[in-house]
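Visitor: only geometry, no sequence info:
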């Protein structure tokens, strides 16, 4: 997992492919905020972004998820959320996907929480558990962009 802020993107130590994607498709908070809600293919199904206006929920109502093929770059253009992360020594179970490349766990396994506010991002690699859209206090509106990058992109397809 990597976390940072778009305002400090120039100082972030990122793999070249992820740096290219962020500087091309999410170079600033304003650029991310300009995406309309929905799914936008950026480089076919190898790189796309899902943008949504949602409501955060109590931690107990959110499920932990992971992916096997995709890297997530989750960016908050408006609002704030807690996102559960780790544990880092965790091994993904052999369970069926509920959506394409989205695996949900019956029981939360996160060991820490990270606060994401406008401009913040968190990058999750395949099989890294995360629990998104958790309310900080009371449920609140949140606008979120989740970039999905197939892991082949890191290796130049």
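Guide: Perfect, I can see it now. The model shown is predicted, which means the values in this text are computed figures rather than measured ones.
Visitor: rest of the way, CA atoms for contacts and neighbours
Guide: Noted.
Visitor: Geometric centre of the protein: which residue is closest?
Guide: Geometric centre of the chain, nearest residue: residue 74, 2.7 Å, by CA atoms, centre = their mean.
Visitor: Which element, helix or strand, includes it?
Guide: Following DSSP states H and E, one finds residue 74 within strand 70-78.
Visitor: Quick one: residues in contact with whichever helix or strand comes after that strand.
Guide: As assigned by DSSP H and E, the chain's next helix or strand after strand 70-78 is strand 81-85. Strand 81-85 has contacts (CA atoms under 8 Å, 6 or more residues apart in numbering) with 56, 64, 110-117, 128-136, 142.
Visitor: residue ranges with poor pLDDT in the chain?
Guide: With pLDDT under 70 as the threshold, the chain has low-confidence stretches at 157.
Visitor: what about the helices in it?
Guide: Along the chain, the stretches classed as helices by DSSP state H are 16-25, 29-33.
Visitor: Which neighbouring elements make contact with the last one?
Guide: Read it as helix 29-33. Applying 3 or more CA pairs under 8 Å, 6 or more residues apart in numbering; DSSP states H and E, we find helix 29-33 packed against strand 70-78.
Visitor: excluding its backbone neighbours, what's nearest the residue nearest to the centre of the chain?
Guide: For residue 74, the nearest residue in space outside its immediate sequence neighbours is residue 146; the separation is 4.4 Å by CA to CA, 6 or more residues apart in numbering.
Visitor: Now for the one you found: which residues touch it?
Guide: Under the criterion of CA under 8 Å, 6+ apart, the contact partners of residue 146 comprise 49, 50, 51, 72, 73, 74, 75.
Visitor: now residue 25
Guide: 31, 32 are the contacts of residue 25 under CA under 8 Å, 6+ apart.
Visitor: gap between it and residue 113?
Guide: Between residue 25 and residue 113 the distance, using CA to CA, to the nearest Å, works out to 26 Å.
Visitor: Give me the distance between the residue nearest to residue 31 when sequence neighbours are not counted and residue 119.
Guide: Setting aside the residues directly before and after it, residue 31 is nearest to residue 25 in space (CA to CA, 6+ apart), at 7.5 Å. Distance, residue 25 to residue 119, using CA to CA: 14 Å.
Visitor: got a list of what residue 147 touches?
Guide: Taking CA under 8 Å, 6+ apart, we find residue 147 in contact with 47, 48, 49, 50, 71, 72, 73, 74.
Visitor: Right, I'll leave it there.
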